[in-house]
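Peer 1: can you look at this prediction? I've put the sequence above it.
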Amino acid sequence: MKNLVVLGATGSIGQSARQVARDIPDRVRIVGMSAHANSEGLRLAAKEFPEARTVLSSGPAGAEALLELATLPEADMVLLAIVGTAGLAPALAAIEAGKDIAVASKEILVMAGEIVMAAAARKGVRVLPVDSEHNAIFQCLEGRDPASVQRLILTCSGGPFRQTPAAELAGVTPEQALKHPIWTMGRKITIDSATLFNKGLEMIEARWLFDVPMDKVDVVVHPQSIVHSMVEFVDGSVLAQLSHSDMRFPIQYAVTWPDRVANSLPPLDFAALGSLQFESPRRRDFPALDLAHWAGKTGGTLPAVFNAANEVAVQAFLEHRLGFPKIWETVAEVMGRAPLVAHPGLAELLEADRWAREQAETLTRQ
């Protein structure tokens, strides 16, 4: 039995985590849940798991209450599904309290991967990936010698504009960008999937999770989203993890690892699938991948700048203040201006985040 705290229990990942707990109640018990402002959603979740402690983080003492929830004595693991950088402090608190963490909030490792992974190693706790792509790589790497890895290959659906001519991208509206062809997600991550910033964030996340240089992290477009990611080894062999596009698969594996547990999720029917398609991403038209490679390879505070500038640009786009291609342009401009700290502490990362948001906000209002 795994006692689980779910930070972000009313979002799409949190809802899937609750479904997992319902599906395998003999293996997962939810002992704590948070929501930011969705009080009604949290109330309904509390009815479902009446023994769980609940926290509304937008309240007067929300930040402190999140830290208390992340360090509950009875918790074995904390699932971080909070959008943005708000999950960083609870993640570090959970690690210091000796809890394993399951990470769905990309920003935690993008912004502070060096600090988070060092803290986890020092405390002897596991950082388990919940993103379907990183969870797939985690499964493919289990028991393998890191020196045998040639490439981590993240798959990417390509988003709603995979086949849209470059000349038409300037006219893309938020309403169009919010229609993802595969996944149902929150607004910010859905826009990130349309720009491929989501995949860029995942590239940096993979670099820290699996301790590989950025040059070994690659992306391939796979519209069916059945192959969730692959690992290529030095002998040319490739291992892949496949399943239906349902976040309950990676969430369950993260919270029950190292065990595999029977559930009600549907198996793949390969004959019905027929064929799987792969293609190269359009890096020139969707430059988020190259910006991510720049940020991840440079390291230091630049990934935090990359992440923060994107968050501001996405919000400006959603408010119809910024054109779709201007999201990439804004992030590139802020990254180009950014002062760099090579091995930042938490205070320096937070300052880089603040600086980048201020710069991006200025650019999006010109």
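Peer 2: Arrived safely, thanks for sending. Numbering: from 1, shown residues only.
Peer 1: C-alpha from now on. contacts and neighbour counts both.
Peer 2: Fine.
Peer 1: tell me, what residue is most central in the chain?
Peer 2: In the chain, the C-alpha nearest the mean C-alpha coordinate belongs to residue 106, at 3.1 Å (C-alpha atoms, centre = their mean).
Peer 1: okay, that residue: pLDDT?
Peer 2: Per-residue confidence at residue 106 stands at 86 (pLDDT).
Peer 1: surely it meets residue 200?
Peer 2: No: Residue 106 lies out of contact with residue 200 (C-alpha atoms under 8 Å); the separation is 10.2 Å.
Peer 1: tell me the secondary structure for residue 160?
Peer 2: Secondary structure, DSSP: H, G, I helix; E, B strand; the rest coil: residue 160 is coil.
Peer 1: quick one, grab the pLDDT at it.
Peer 2: pLDDT at residue 160 comes out at 94.
Peer 1: now it: how far from residue 131?
Peer 2: Taking C-alpha to C-alpha, to the nearest Å as the measure, residue 160 falls 20 Å from residue 131.
Peer 1: repeat that for residue 289.
Peer 2: 17 Å.
Peer 1: and these two? Which one has more around it.
Peer 2: In this view residue 289 and residue 131 are compared by other C-alpha atoms under 10 Å, and residue 289 has more residues nearby, 25 against 20.
Peer 1: list the contacts for that one?
Peer 2: 196-197, 199-200, 283 (C-alpha atoms under 8 Å, 6 or more residues apart in numbering).
Peer 1: among these, which are located in helices?
Peer 2: Using DSSP state H, the members of these that fall in helices are 197, 199-200.
Peer 1: can you pick the most crowded of those?
Peer 2: residue 200 (28 neighbours).
Peer 1: ok, that one touching residue 292?
Peer 2: Yes: with contact defined as C-alpha under 8 Å, residue 200 reaches residue 292; the gap is 4.8 Å.
Peer 1: enumerate every residue touching residue 311.
Peer 2: 84, 188, 357.
Peer 1: likewise for residue 324?
Peer 2: With C-alpha under 8 Å, 6+ apart, residue 324 has these contacts: 169-173, 317.
Peer 1: how much space separates it from residue 157?
Peer 2: From residue 324 over to residue 157 (counting by C-alpha to C-alpha), the distance is 19 Å.
Peer 1: list the contacts of residue 224.
Peer 2: 157, 182, 276-277.
Peer 1: what's the spacing between it and residue 157?
Peer 2: Residue 224 is 7 Å from residue 157, by C-alpha to C-alpha.
Peer 1: where do the contact lists of the two overlap?
Peer 2: In contact with both residue 224 and residue 157: residue 182, using C-alpha under 8 Å, 6+ apart.
Peer 1: could you list the domains of this protein?
Peer 2: Annotated domains of the chain cover 2-130+247-267, 138-225+279-364 [automatic domain parsing].
Peer 1: same list (those) but as a markdown table, adding distance to residue 239.
Peer 2: Shown next, in a markdown table, are these (distance: least, C-alpha to C-alpha, whole Å):
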| stretch | distance to residue 239 |
| --- | --- |
| domain 2-130+247-267 | 17 |
| domain 138-225+279-364 | 6 |
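Peer 1: tell me which of those lies nearest to residue 233.
Peer 2: Closest approach to residue 233 among the domains of the chain is made by domain 138-225+279-364 (4.5 Å; C-alpha to C-alpha).
Peer 1: that closest one: end-to-end distance?
Peer 2: 38 Å.
Peer 1: coming back round to it: now the buried members of the contacts of residue 324.
Peer 2: 169, 317 (16 or more other C-alpha atoms under 10 Å).
Peer 1: mean confidence for stretch 85-100?
Peer 2: Stretch 85-100 comes out at a mean pLDDT of 95.
Peer 1: end-to-end on it?
Peer 2: So stretch 85-100: terminal residues 19 Å apart, C-alpha to C-alpha.
Peer 1: residues in contact with that stretch?
Peer 2: 66-67, 70-71, 75-78, 80-81, 101, 105, 107-108, 111-112, 116, 119-120, 123-128.
Peer 1: let's go with 7 Å and repeat that
Peer 2: 66-67, 70-71, 76-78, 80, 107-108, 116, 119-120, 123, 125-127 (C-alpha atoms under 7 Å, 6 or more residues apart in numbering).
Peer 1: among the residues you listed, which ones are in helices?
Peer 2: Using DSSP H, the contacts of stretch 85-100 in helices are 66-67, 70, 107-108, 116, 119-120, 123.
Peer 1: need those residues in CSV with distance to residue 339 and neighbour count, can you?
Peer 2: Below are those laid out as CSV (distance: C-alpha to C-alpha, whole Å; neighbours: other C-alpha atoms under 10 Å):
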residue, distance to residue 339, neighbour count
66, 31, 26
67, 31, 17
70, 33, 32
107, 20, 25
108, 21, 26
116, 22, 21
119, 25, 15
120, 28, 21
123, 31, 15
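Peer 1: which of those residues sit farthest apart?
Peer 2: Among the ones in helices among the contacts of stretch 85-100, 107 and 123 lie farthest apart (C-alpha to C-alpha), at 21.2 Å.
Peer 1: run the chain-centre distance for stretch 254-269.
Peer 2: Centroid displacement of stretch 254-269 relative to its chain, using C-alpha atoms, centre = their mean, to the nearest Å, is 20 Å.
Peer 1: that one: end-to-end distance?
Peer 2: End residues of stretch 254-269 are separated by 24 Å (C-alpha to C-alpha).
Peer 1: what do you get for stretch 177-194?
Peer 2: Across stretch 177-194, first to last residue, C-alpha to C-alpha, it's 6 Å.
Peer 1: residues in contact with it?
Peer 2: Against stretch 177-194 from outside (C-alpha under 7 Å, 6+ apart): 12, 159-161, 198, 314.
Peer 1: one more: stretch 147-155?
Peer 2: In contact with stretch 147-155 (C-alpha under 7 Å, 6+ apart) are residues 133, 216-222, 228-234.
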